[in-house]
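1. just a sequence and a predicted model for now, questions to come.
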Amino acid sequence: MIGTGYVGLVSGACFADFGHDVVCVDKDAGKIAAIESGRMPIFEPGLDHLVGSNAAAGRLSFTTDLAKGVKGADAIFIAVGTPSRRGDGHADLSYVYAAAKEIAESLDGPTVIVTKSTVPVGTGDEVERIVREARPDLDIQVVSNPEFLREGAAIGDFKRPDRVVVGTTGSQRAIDVMAQVYRPLNLNQAPVMFTGRRTAELIKYAANAFLATKITFINEMADLCEAVGAEVQDVSRGIGLDNRIGSKFLHAGPGYGGSCFPKDTLALVKTGQDYDTPIRIVETVVQVNDLRKRAMGRKIVKALGGEARGKTVALLGLTFKPNTDDMRDAPSLAIVQALEDAGAKIVAYDPEGMEVAAPLMPSVTMAKDAYEAATEADALVLVTEWDAFRALDLKRLAASMNGPVLVDLRNIYPRREAEAAGFALTRVGGKGVSA
């Protein structure tokens with residue numbers, strides 16, 4: 001497993017837990033040393049135990065020596081980063097191509113190279129060209145195997161997936177190797193779907209773009225609900241009960257963020273433009289989502305009476321979603337910037353994300369808990385729906401504040417409950433009469 005980031009470490013640990021012998025490779029010696037000592041580079045529930053138990057059992061090991069790591073491997077997974085490239089928004093594939101070249105030069109026999117990183121259509125073709133040019137003497141097959149892991153639930157997603165997608169060029173040897181790699185999932189009857197390599201690469205982007213579209217759609221419906229006096233939670237339930245639509249990803253909020261949706265939607269847009277087949281729906285999704293995050297800052301200012309200068313705003317939740325410390329493209333970043341531009345002072349608390357968030361928002365004061373954050377604040381804002389924020393003592397919070405204004409960007413608290421505690425409540429997508 002080349003790369004010990006989110007995808008590589010979770011996948012490597014889960015494969016080892018299935019009984020495979022796994023070597024995880026990373027150039028960062030400090031990261032490898034930390035993992036070996038039990039300190040995970042990311043927060044993911046259960047990952048520390050999974051890594052520790054499989055390392056102790058001898059099935060999972062770590063090294064900075066790629067040549068040592070790939071020696072005798074039946075399958076080599078590339079799980080390095082593919083961030084958005086500066087300037088044009090395309091996926092930066094330099095890490096993928098560098099890994100492919102180094103792998104090929106280090107091989108001692110035939111193998112299957114598996115692209116686990118999220119990559120645009122055609123990347124597998126270039127990886128194959130690189131490895132064949134470097135090692136024309138070896139039978140090297142290149143396969144696409146995109147990941148579909150949700151941060152905060154990645155281990156469960158890996159072990160009980162909706163589907164496993166494997167893209168090949170038709171090589172029976174590659175198909176047989178990948179079938180053996182995923183054979184432990186047969187017990188769960190998880191479908192392993194074999195497709196063409198380019199098809200597999202596109203499936204990943206299409207899936208993320210569709211989910212991002214659902215989120216953006218319900219967010220725009222929330223704005224319409226506020227304008228016409230409807231309630232977005234009821235709209236979500238009303239359309240989500242239709243089996244053709246489904247209820248997932250229909251929760252209005254401050255916009256999507258994280259390591260996947262922002263960069264993958266943008267990369268898909270760029271791919272469509274490159275092939276002269278623009279994807280207008282996804283282009284609009286990207287634009288609307290970017291604008292929405294800062295709009296949430298304006299929503300908070302409006303709840304403060306239209307003036308935020310000299311006032312203190314307490315934010316609960318900074319990460320883009322619960323059960324992770326990931327701050328990549330988190331809505332809180334744009335919200336903080338908008339509030340600071342309006343002259344507000346920010347205090348924040350997040351159960352896991354403050355260490356990562358602090359360098360990104362240096363003027364924000366980090367609190368030890370939700371109650372300290374709210375003390376003498378003029379407004380309290382629920383940004384991320386951590387479980388720890390679902391049953392707060394609202395009366396205690398309101399009593400400690402200068403002005404009991406609650407802006408619930410995740411629609412966690414019913415209006416009756418918030419107002420009974422003394423709060424003036426602002427929600428997303430309606431007045432919340434039925435909530």
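-> That came through, no problem. Residues are numbered from 1 along each chain as shown.
2. pLDDT below threshold where in the chain?
-> Applying pLDDT under 70 to the chain flags the ranges 431-435.
3. longest helix anywhere in it?
-> When the chain is parsed with DSSP state H, its longest helix is helix 197-228.
4. which residue comes closest to Gly8 once chain neighbours are left out?
-> Take Gly8 and drop its neighbours on the chain: the residue closest to it by Cβ to Cβ, 6 or more residues apart in numbering is Ala79, 3.4 Å away. Backbone N, C-alpha and C define where each C-beta goes, glycine included.
5. any idea how far Ala334 is from the one you found?
-> Relative to Ala334, Ala79 is positioned 29 Å away (Cβ to Cβ, to the nearest Å).
6. who has more neighbours out of the two?
-> Looking at Ala79 and Ala334 with other Cβ atoms under 10 Å, you find the greater number of neighbours at Ala79, namely 28 against 21.
7. strands of the stretch 251-400 of the chain, start to end?
-> Along the stretch 251-400 of the chain, counting by DSSP state E, counting those that start in this stretch, strands occupy 312-316, 345-349, 365-366, 379-382.
8. export the ones you listed to TSV and append columns for mean neighbour count and distance to Phe158.
-> TSV is the format used below for the strands of the stretch 251-400 of the chain (neighbours: other Cβ atoms under 10 Å; distance: least, Cβ to Cβ, whole Å):
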stretch	mean neighbour count	distance to Phe158
strand 312-316	27	30
strand 345-349	22	30
strand 365-366	16	32
strand 379-382	28	30
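9. would you mind giving these as TSV with distance to Arg197 added?
-> Output for the strands of the stretch 251-400 of the chain, formatted as TSV (distance: least, Cβ to Cβ, whole Å):
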stretch	distance to Arg197
strand 312-316	44
strand 345-349	44
strand 365-366	46
strand 379-382	43
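10. among these, which comes closest to Gln189?
-> Across these, Gln189 has its closest neighbour in strand 379-382 (39.1 Å, Cβ to Cβ).
11. thinking again about what came up before, which secondary structure elements does the longest helix of the chain contact?
-> Using 3 or more Cβ pairs under 8 Å, 6 or more residues apart in numbering; DSSP states H and E, the elements in contact with helix 197-228 are helix 123-134, strand 140-144, strand 164-168, helix 232-240, helix 261-274, helix 280-303.
12. what sits against Leu380?
-> Taking Cβ atoms under 8 Å, 6 or more residues apart in numbering, we find Leu380 in contact with 313-314, 316, 373-374, 397, 401, 404-407, 423.
13. from Asn289, how far out is Phe261?
-> Between Phe261 and Asn289 the distance is 8 Å, computed by Cβ to Cβ.
14. could you tell me which residues touch both of the two?
-> Common neighbours of Phe261 and Asn289 (criterion: Cβ under 8 Å, 6+ apart): 212, 215.
15. quick check: phi and psi at Ala424.
-> Note on Ala424: its backbone torsions stand at phi -90, psi 110 [degrees, to the nearest 10].
16. for the closest residue to Leu241 other than its chain neighbours, give me its contacts.
-> Spatially, and ignoring its direct neighbours in sequence, Leu241 is nearest to Ser247 (7.1 Å; Cβ to Cβ, 6+ apart). Neighbour list for Ser247: 236-237, 240-241 [criterion: Cβ under 8 Å, 6+ apart].
17. now, which of the residues you listed sits nearest Val119?
-> Proximity of those to Val119 (Cβ to Cβ) peaks at Gly240, which lies at 32.0 Å.
18. separation between the nearest residue to that closest one once chain neighbours are set aside and Arg237?
-> Closest residue in space to Gly240, ignoring its immediate chain neighbours: Ser247 at 3.2 Å, by Cβ to Cβ, 6+ apart. Distance from Ser247 to Arg237, counting by Cβ to Cβ: 7 Å.
19. one step back: output the contacts of Ser247 in a markdown table; the columns should cover neighbour count.
-> Shown next, in a markdown table, are those (neighbours: other Cβ atoms under 10 Å):
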| residue | neighbour count |
| --- | --- |
| Ser236 | 22 |
| Arg237 | 12 |
| Gly240 | 17 |
| Leu241 | 10 |
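20. can you add distance to Leu380 and give the residues you listed back as CSV?
-> Listed next are the contacts of Ser247 as CSV, based on distance: Cβ to Cβ, whole Å:
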residue, distance to Leu380
Ser236, 24
Arg237, 26
Gly240, 29
Leu241, 32
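21. out of the residues you listed, which one sits closest to Met178?
-> Distances from Met178 to the contacts of Ser247, taken by Cβ to Cβ, are shortest for Gly240, at 34.9 Å.
22. ok, now which ones touch the closest one?
-> When contacts are counted by Cβ under 8 Å, 6+ apart, Gly240 touches 246-248, 250.
23. can you pick the most crowded of those?
-> When neighbours are counted by other Cβ under 10 Å, Leu250 leads these with 21 neighbours.
24. can you tell me the SS state at that residue?
-> With DSSP: H, G, I helix; E, B strand; the rest coil as the basis, Leu250 sits in coil.
25. hang on, it packs against Lys214?
-> Yes: the pair Leu250 / Lys214 is scored as a contact, 6.1 Å apart, by Cβ atoms under 8 Å.
26. strands along the stretch 1-150 of the chain, start to end?
-> Secondary structure of the stretch 1-150 of the chain, counting by DSSP E, counting those that start in this stretch: strands at 22-25, 60-63, 75-78, 111-115, 140-144.
27. quick one: the third one to chain centroid distance?
-> In terms of Cα atoms, centre = their mean, to the nearest Å, the centre of strand 75-78 is found 22 Å from the chain centre.
28. report all helices and strands that it contacts.
-> Secondary-structure packing of strand 75-78 (3+ Cβ pairs under 8 Å, 6+ apart): helix 6-17, helix 94-106, strand 111-115, helix 172-181.
29. tabulate these in TSV, adding columns for distance to Glu226.
-> Compiled in TSV, the helices and strands packed on strand 75-78 are given as follows (distance: least, Cβ to Cβ, whole Å):
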stretch	distance to Glu226
helix 6-17	35
helix 94-106	43
strand 111-115	43
helix 172-181	49
